[in-house]
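Student: how does the following fold in three dimensions:
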Amino acid sequence: MLSSFEDLEVFKRAYVLSLEIHKRSIEFLKVEQYGLGDQIRKASKSICANLAEGFAKQRYSSQEFKRYVMIAVGSSDEMRVWLRYCHDLGYLEEEDWHRLRDGYQEISKMLAGLYRSWK
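Tutor: Model prediction:
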């Protein structure tokens with residue numbers, strides 16, 4: 001039985017990745033702090049925030065929770081695009097890019113599974 005969004009494995013994984021993204025992005029060049037850096041911070045945190053907000057509303061509507069899960073899927077897939085930019089602009093080494101990209105792909109799959117299995 002889940003008592004909180006924090007009990008969701010997908011939340012835990014997304015949260016860890018969002019912390020890493022935040023820490024890395026504040027090291028970007030100043031010119032990128034309000035562009036690419038801000039965008040990846042928002043998108044990575046959006047996954048966690050949508051899970052939290054949706055979980056709170058699921059007490060009243062499971063469809064509402066599922067809607068928030070799909071928004072989180074969109075943010076997770078969006079992160080893969082931003083990570084490609086980070087790599088191509090030299091902010092991420094090849095190995096880190098693959099690891100983070102694959103992490104967000106796994107989160108997207110977990111979210112899709114959560115969507116399908118939710119009551």
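Student: low-confidence ranges, the chain, go.
Tutor: Low-confidence segments of the chain (pLDDT under 70): 1.
Student: in it, which helix is the longest?
Tutor: helix 62-88 (DSSP state H).
Student: what packs against it?
Tutor: helix 9-25, helix 36-57, helix 94-117 (3 or more CB pairs under 8 Å, 6 or more residues apart in numbering; DSSP states H and E). The way it works is simple: take the backbone N, C-alpha and C, and place the C-beta from them, glycine included.
Student: closest to Glu64 out of those helices?
Tutor: Of all those, helix 36-57 sits nearest to Glu64, with 4.4 Å by CB to CB.
Student: now tell me what touches the closest one from outside.
Tutor: Residues outside helix 36-57 that contact it (CB atoms under 8 Å, 6 or more residues apart in numbering) are 2, 4-5, 8, 10-11, 14-15, 17-18, 21-22, 25-26, 28, 64-69, 71-72, 75-76, 78-79, 82-83, 85-86, 89, 91, 107, 111.
Student: list buried residues within those residues.
Tutor: Neighbour-count burial (16 or more other CB atoms under 10 Å) is assigned, among these, to 5, 8, 10-11, 14-15, 17-18, 21, 25, 28, 65-66, 68-69, 71-72, 75-76, 78-79, 82-83, 86, 91, 107, 111.
Student: just to revisit the earlier point, pick the most deeply packed of the helices and strands packed on helix 62-88.
Tutor: The highest average neighbour count among the helices and strands packed on helix 62-88, using mean count of other CB atoms under 10 Å, belongs to helix 36-57 at a mean of 20.
Student: dump that one to PDB, restricted to CA.
Tutor: This file holds the C-alpha atoms of helix 36-57, laid out as PDB (Å, rounded to 0.1, in the frame of the first residue of the first chain):
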ATOM      1  CA  LEU A  36      19.400  25.700 -21.100                       C
ATOM      2  CA  GLY A  37      20.300  25.400 -17.400                       C
ATOM      3  CA  ASP A  38      17.000  26.800 -16.200                       C
ATOM      4  CA  GLN A  39      15.100  24.600 -18.700                       C
ATOM      5  CA  ILE A  40      16.700  21.300 -17.600                       C
ATOM      6  CA  ARG A  41      16.200  22.200 -13.900                       C
ATOM      7  CA  LYS A  42      12.500  22.800 -14.500                       C
ATOM      8  CA  ALA A  43      11.900  19.800 -16.700                       C
ATOM      9  CA  SER A  44      13.700  17.400 -14.300                       C
ATOM     10  CA  LYS A  45      11.900  18.700 -11.300                       C
ATOM     11  CA  SER A  46       8.600  18.700 -13.100                       C
ATOM     12  CA  ILE A  47       8.500  14.900 -13.100                       C
ATOM     13  CA  CYS A  48       8.700  14.800  -9.300                       C
ATOM     14  CA  ALA A  49       6.300  17.600  -8.800                       C
ATOM     15  CA  ASN A  50       3.700  16.100 -11.100                       C
ATOM     16  CA  LEU A  51       3.800  12.800  -9.400                       C
ATOM     17  CA  ALA A  52       3.400  14.600  -6.000                       C
ATOM     18  CA  GLU A  53       0.500  16.700  -7.200                       C
ATOM     19  CA  GLY A  54      -1.200  13.800  -9.000                       C
ATOM     20  CA  PHE A  55      -0.900  11.500  -6.100                       C
ATOM     21  CA  ALA A  56      -2.600  14.100  -3.800                       C
ATOM     22  CA  LYS A  57      -5.500  14.300  -6.300                       C
END
